[in-house]
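Novice: quick one, structure for this:
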Amino acid sequence: MALTVNDISAVDGQNQMYANRAGNRKTTITPFSEVLKQQEKNITASEAAKTAAEKENISSKDTSSQKAESISAGNVAETKGTTGTKNSDGTLTTTLADIFRRASEKYGVSYDFLTAVAKAESDFNPNCVSSAGAKGIMQIMPAEAKGLGIQDVFDAEQNIMGSAKLLAAHLKKFNGDTTLAAAAYNAGSGRVKQYGGVPPFKETQNYVKKIAAYMKEGVTVPDKTVTVSPNKLSGDVTKSQKKAASTSDQSGTDGLNAVAATEEELNQSMVVVGSGDSAVKMTYGAYQRYLELGSLGVG
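Specialist: You can find the predicted model right below:
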C-alpha cells in the first residue's frame, strides 16, 4: 500500500539540520520514520475494525439463518425410519400418521402445520376429489402432481410427500410464516406477494383462519393403515429422513406476477391446460399454483 507524505525528503538527518538552523525554535516537520509508524498503526487499526465488522456481520447472518430455519421447521417430527412393513412387491404397509411424521422430517415442515393442512383440504381422505379436480389427501391438481414428482395422486405416501415438498417451498419463500405459506398453498404465492400478505379473498381468508385454529387445537390423524408405493419423494423409508432433507428440497425463487382479478373471477373462472385426451380443466387459482411449481424449485 502506497503511503503519501507531504515532504518525503524530510529524513531524520535533514530534520536535525533544520533544527540547528532554527536555533532554539521548534521545527514543525515530522520525521519520515514517525510518519511511517503512524500510518502503519492506522492501517492496523483499520484492518482490525474491518475484521471485527465482518465477524459481526457473519455472526448476525448466522443467527438470522438459524432463526429462520427454526421458524420454518417448527416442531418437525424425528423418526428412525418407518414403523410399517416393506412388502416383497416394493409396496409399504404403514399408517397415515407415520407418513406425516416422515414427510415432516424429510422436508422440514412442522408436523402440526402439515396435518392441519391435510385436515382442511380433505379431512384425511386419500380418495377425495374436489369439483375442480384436486385429488387426494392434500388436494393436488393433476398438473401439479406431475411437477412435484407424484406418480399416483391417490397414493397417500406420494401425495403427502409431494404436498410437504410444496409447503416447504412456500415456507422458505415466506421466511417460515405458516399463515402466508397456507395462503400461498390455497391461492398461490404470486397472490400473496401481489397483496403483500393474505389475499383479500373470502375463501383464502377463511382457509388461513381454519389452519391456525387446527394448529392451535391440535389435529388427530386417523388411525388408518394404508398400503402405498413410495417413490423418490420419500427417500429411503427404512432410515431417518432428517439427513436426507436438503435445501434443494425447499429451494424457491420469486413467483410469477399474478394478474389482478376479483374474488368471484378467481373462484369461478376455469382454464384448460393441455389438449386432447391430456387436457385438464382447473380453476384459475389452481392454474396459478401449477405455474408456480417451476419457479418454486419443486418441479
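
Novice: following element in sequence after the helix or strand Glu144 falls within, please.
Specialist: Per DSSP states H and E, Glu144 falls inside helix 142-148. Later in the chain than helix 142-148, the nearest helix or strand by DSSP H and E is helix 156-173.

Novice: what packs against the helix holding Glu144?
Specialist: Applying 3 or more Cβ pairs under 8 Å, 6 or more residues apart in numbering; DSSP states H and E, we find helix 142-148 packed against helix 156-173, strand 280-283, helix 284-295. Every C-beta, even on glycine, is put in place using the N, C-alpha and C of the backbone.

Novice: with just CA atoms, put that helix into CSV.
Specialist: What follows is helix 142-148, C-alpha atoms only, in CSV (Å, rounded to 0.1, in the frame of the first residue of the first chain):
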residue,chain,number,x,y,z
PRO,A,142,-53.1,-33.4,-11.8
ALA,A,143,-50.8,-30.9,-13.4
GLU,A,144,-49.3,-30.0,-10.0
ALA,A,145,-48.7,-33.7,-9.3
LYS,A,146,-46.5,-34.0,-12.4
GLY,A,147,-44.4,-31.1,-11.4
LEU,A,148,-44.0,-32.3,-7.8
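
Novice: residue ranges of the strands in the chain, please?
Specialist: Using DSSP state E, the strands assigned to the chain run over residues 85-86, 92-95, 225-228, 270-273, 280-283.

Novice: pull the residues that contact the second one.
Specialist: In this structure, residues lying in contact with strand 92-95 by Cβ atoms under 8 Å, 6 or more residues apart in numbering are 82-87, 157, 223-230, 237.

Novice: and for the third one?
Specialist: Residues from elsewhere that reach strand 225-228 (Cβ under 8 Å, 6+ apart): 87, 91-96, 99, 126, 155-158.

Novice: now, which of these sits nearest Ala212?
Specialist: For the contacts of strand 225-228, the minimum distance to Ala212 (Cβ to Cβ) is 22.3 Å, reached by Leu96.

Novice: tell me the contacts of that closest one?
Specialist: Contacts of Leu96 were listed using Cβ under 8 Å, 6+ apart, and they are 124, 137, 156, 160, 221-222, 224, 226.

Novice: let's have these in JSON lines, adding pLDDT.
Specialist: Converted to JSON lines, those look like this (pLDDT from 0 to 100):
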{"residue": "Phe124", "pLDDT": "98"}
{"residue": "Ile137", "pLDDT": "98"}
{"residue": "Ala156", "pLDDT": "98"}
{"residue": "Ile160", "pLDDT": "98"}
{"residue": "Val221", "pLDDT": "97"}
{"residue": "Pro222", "pLDDT": "97"}
{"residue": "Lys224", "pLDDT": "95"}
{"residue": "Val226", "pLDDT": "96"}
